[in-house]
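1. Turn this into a model:
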Amino acid sequence: MSKLPHIGTSIFTVMSKMAIDYKAINLAQGFPNFPVDERLTGIVSGIATENVHQYAPMSGHTALLDKIKQLTFSSYSRNVNPTTEILVTAGATEGIFATIQALVYRNEEVIILDPSYDCYETPIILCNAKPIRIALKDDFTPDWETIGNAINHTTKLIIINNPHNPSGRVWTEYDYNQLEKLLDSYPNLLVLSDEVYEHITFEQKHLSIHHRPKLWDRSISVSSFGKTFHITGWKIGYLIAPEPLMNEIKKVHQFLVFSVNSIAQTALAEYLNVVDVPALSSFYQQKRDYFRALIKDTKFTLLPCEGTYFQTVSYNNISTENDIDFTKRLVTDYGVATIPISAFNFNGKDTNCIRFCFAKDDATLESAAEKLMKL
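-> Numbers count the residues shown, from 1 in each chain. Modelled structure (predicted):
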């Protein structure tokens, strides 16, 4: 008997395999195809012969923890204790899993805002807890009235994702004010803030849980070096949480992976001395603007993209097919792989929207746009 009988092959795996089978351009899965910064690869090459190959400390390489503390202060003016409030994780997914396993108990409820990334629900189910899926509005902003009505004395956690995957929307001051009101009303409620695209925002500067001192004692933030520095295969991220919560999370983390890749941690600690993290937003904004310009004359309707490296579009002017059939036809007939938004919704809600990843080199984006113009 399966503990997860409803879990099958993910849509990301399905679409990426179809892209390979049909030799299509893969704008589906969220990974860049351009080179990693040569400074970073040079650092890795240089330290590979050094004594950095044994276990790192369980909570993280000391130098990297210090750099994360500095990055958090320079980005958000928040001081965190590198020893007690930061944990380096084997990617954001492991951090999310460890957090939920540590803090959520049997029969407690966890709010997930749909459309949502697929790694949130499974650890909740494995806790014998109950995921409560709440739909975002059609413009992908939070519906605070519905969220408030869904919370009760058994609600342990609300998971927020900002900037939002798959829509690319970002939270406003109003959203955080509403969140604070919820926590005022429910003193046992915690927040898991997935901010893996925090350094990829555009016209609106990223508003973070780190900007809200009132929330610090009850929030766990999730960050990703893989997303920030387009090194997704490294699978390295980190959590920031108050010491009492972090102590519990570390208990789970140590029995999942104990510690994270020592070479990667050493390299990132050194790389953070030279990289200009704030410049990443302008780099990806150029990508976004170029891709939007390339496909603006297609029949797709471009939806707002305020952050992440994803562009959501509506295909209402093209087809009445459901989004899964439409995305499959895009691969087979037009040679471009994308992701249907309904795959991010628990109930399969289909609004005829799909997601493109524009974290690709210009030649790839140009080739994809040329194919999409034929629709």
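2. give me the number of residues near the closest residue in space to T201 that isn't next to it in sequence?
-> Leaving aside its sequence neighbours, T201 sits nearest to G307 (C-beta to C-beta, 6 or more residues apart in numbering; 3.9 Å). From N, CA and C alone the C-beta is placed, and that goes for glycine too. Neighbours of G307 under the rule other C-beta atoms under 10 Å: 29.
3. Tell me where the chain has helices.
-> For the chain, applying DSSP state H gives helices covering 11-21, 38-47, 62-76, 91-103, 121-126, 144-150, 173-185, 225-228, 243-256, 262-271, 279-295, 323-329, 362-372.
4. Including mean neighbour count, distance to G30 and mean pLDDT, could those go into JSON lines?
-> Formatted as JSON lines, the helices of the chain follow (neighbours: other C-beta atoms under 10 Å; distance: least, C-beta to C-beta, whole Å; pLDDT from 0 to 100):
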{"stretch": "helix 11-21", "mean neighbour count": "16", "distance to G30": "8", "mean pLDDT": "90"}
{"stretch": "helix 38-47", "mean neighbour count": "14", "distance to G30": "19", "mean pLDDT": "97"}
{"stretch": "helix 62-76", "mean neighbour count": "18", "distance to G30": "22", "mean pLDDT": "98"}
{"stretch": "helix 91-103", "mean neighbour count": "23", "distance to G30": "12", "mean pLDDT": "98"}
{"stretch": "helix 121-126", "mean neighbour count": "18", "distance to G30": "19", "mean pLDDT": "96"}
{"stretch": "helix 144-150", "mean neighbour count": "14", "distance to G30": "26", "mean pLDDT": "97"}
{"stretch": "helix 173-185", "mean neighbour count": "15", "distance to G30": "23", "mean pLDDT": "98"}
{"stretch": "helix 225-228", "mean neighbour count": "23", "distance to G30": "8", "mean pLDDT": "96"}
{"stretch": "helix 243-256", "mean neighbour count": "16", "distance to G30": "23", "mean pLDDT": "98"}
{"stretch": "helix 262-271", "mean neighbour count": "22", "distance to G30": "19", "mean pLDDT": "98"}
{"stretch": "helix 279-295", "mean neighbour count": "16", "distance to G30": "12", "mean pLDDT": "97"}
{"stretch": "helix 323-329", "mean neighbour count": "18", "distance to G30": "15", "mean pLDDT": "96"}
{"stretch": "helix 362-372", "mean neighbour count": "17", "distance to G30": "14", "mean pLDDT": "97"}
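5. Using TSV, please lay out the ones you listed together with distance to I134.
-> Output for the helices of the chain, formatted as TSV (distance: least, C-beta to C-beta, whole Å):
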stretch	distance to I134
helix 11-21	21
helix 38-47	39
helix 62-76	27
helix 91-103	17
helix 121-126	13
helix 144-150	6
helix 173-185	12
helix 225-228	25
helix 243-256	23
helix 262-271	35
helix 279-295	28
helix 323-329	20
helix 362-372	33
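6. Between those, which one is closest to F344.
-> helix 11-21 (8.5 Å; C-beta to C-beta).
7. and I200, what does it touch?
-> P163, K227, T228, L280, S281, Y284, G307, T308, Y309 (C-beta atoms under 8 Å, 6 or more residues apart in numbering).
8. And for F358?
-> F358 neighbours (C-beta under 8 Å, 6+ apart): L27, K287, R288, Y290, F291, Y309, F310, Q311, L365.
9. distance of it from E366?
-> The gap separating F358 from E366 is 12 Å, by C-beta to C-beta, to the nearest Å.
10. What of K67?
-> Relative to E366, and taking C-beta to C-beta, K67 is found at 37 Å.
11. L302: neighbour count?
-> L302: 14 surrounding residues under other C-beta under 10 Å.
12. Do I have it right that it meets L294?
-> No - here L302 does not reach L294: they are 10.9 Å apart, not a contact under C-beta atoms under 8 Å.
13. and K205, which of the helices of the chain is closest to it?
-> helix 279-295 (8.6 Å).
14. What are the structural domain limits within this structure?
-> 11-30+278-372, 50-271 (automatic domain parsing).
15. Looking at those domains, spot the one closest to P5.
-> Of all these, domain 50-271 comes closest under C-beta to C-beta, at 10.1 Å.
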